[in-house]
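>>> Kindly return the folded structure for what I paste below:
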Amino acid sequence: MTNDSFQDALAGSTIHLRRGVNLQVCHSSGKTPAIVFLHGGTGNRFNFRSQYEFVQSQGWEVLVYDLAGHGQSSPYSRYSIGRHRRDLQRLLYQFGIESPVLCCHSYGVPLGLEFSQYNCVSGLILIAGGTHDLAPWWEIPLMKFMAWGGRYLYYVLGVQTISNFFSTSYRHSVIKRFFAENPTPTDFHSYKALEIFWDYNFFARHPAPKNLHIPALVITAGLDPMYTRQMGDELVKHLVNGTHLHFTNAGHLVMAECADLVNDAIFKYLIGINTQTPSSLQAKTL
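Have a look, this model is predicted:
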């Protein structure tokens, strides 16, 4: 594979999933279990570029896509977690993917947890997201402001750069590419789609949840204003075979800020699943 083709791995193609729904999807065949990436709110498939390219290079089957209403995928007429879950099921069926490992970030975590309640999964990698109380106090008014019209501020020269500067203290090439491929969205649906997560409570929806024995890796970061270490500790208590990995000096974009460390953690986790032995990762702080 040439460098150019490797860099273009996330260009993807449009998949007609059902009437009115087209998703932009990237897929590469390989060994199982397949790794399926689910990005968070206002994100897109490029959020996981570093992880997609790494896992692909290690020979696993891998898939990432823009959720409906994000990136190059079409919007829903009405958003719901159930619609996202069922469309993920339809998408995996088209590619013949069974029992994947779901690698989820932020609001992608509830989607992964919901999917695991209705479908077979081999593992869960849950980054900066959890089961409830996912919206900090400032998010709802800010996102409503953005949906109402504040998003148009990002057409003003320099506003995007300023926003990126305050989003993270990291300035390396990976985070620069992350921001170049994931600018703050200026379309209405990216913000409307968030509302389904604001009062989400996994245990209210599933009083007797299933599949909590699935091998799970929980990743949190010390500078994340949205999902704290304590929330990660509480989440992993519900996971019979869960491990919590905390990055002290990273923030909500930990998978781009500390890409090599996150990739190494994912690699060790996948090796543990493939050999059907506990992961060599121990609960620790980095």
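>>> which residues touch the residue lying closest to M231 once chain neighbours are set aside?
In space, and not counting its chain neighbours, M231 is closest to G130: 5.4 Å by CB to CB, 6 or more residues apart in numbering. Placement of C-beta: from N, CA and C, glycine included. Contacts of G130 were listed using CB atoms under 8 Å, 6 or more residues apart in numbering, and they are V109, F202, Y227, M231, G232, E234, L235.
>>> Neighbour-wise, which one of those residues leads?
With neighbours taken as other CB atoms under 10 Å, the top of those is V109, carrying 28 neighbours.
>>> per-residue confidence at the residue lying closest to it once chain neighbours are set aside?
Among residues not flanking V109 along the chain, G129 sits closest, at 2.9 Å (CB to CB, 6+ apart). Among the per-residue scores, G129 shows a pLDDT of 97.
>>> Now do the phi/psi pair for G129.
Backbone torsions of G129, given as degrees, to the nearest 10, read phi -160, psi 160.
>>> That one against G40, yeah?
Yes: the pair G129 / G40 is scored as a contact, 6.7 Å apart, by CB atoms under 8 Å.
>>> quick one: common contacting residues for the two?
Common neighbours of G129 and G40 (CB under 8 Å, 6+ apart) are C104, H105, S106, Y107, G108, V109.
>>> so where do the strands sit in this protein?
For the chain, the strands defined by DSSP state E cover 13-18, 21-28, 31-38, 60-65, 101-105, 123-127, 216-221, 242-247, 284-285.
>>> Dump these into a markdown table; add mean neighbour count and distance to V174 as well.
A markdown table is the format used below for the strands of the chain (neighbours: other CB atoms under 10 Å; distance: least, CB to CB, whole Å):
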| stretch | mean neighbour count | distance to V174 |
| --- | --- | --- |
| strand 13-18 | 14 | 25 |
| strand 21-28 | 20 | 18 |
| strand 31-38 | 22 | 16 |
| strand 60-65 | 24 | 16 |
| strand 101-105 | 27 | 15 |
| strand 123-127 | 27 | 15 |
| strand 216-221 | 28 | 15 |
| strand 242-247 | 22 | 14 |
| strand 284-285 | 10 | 22 |
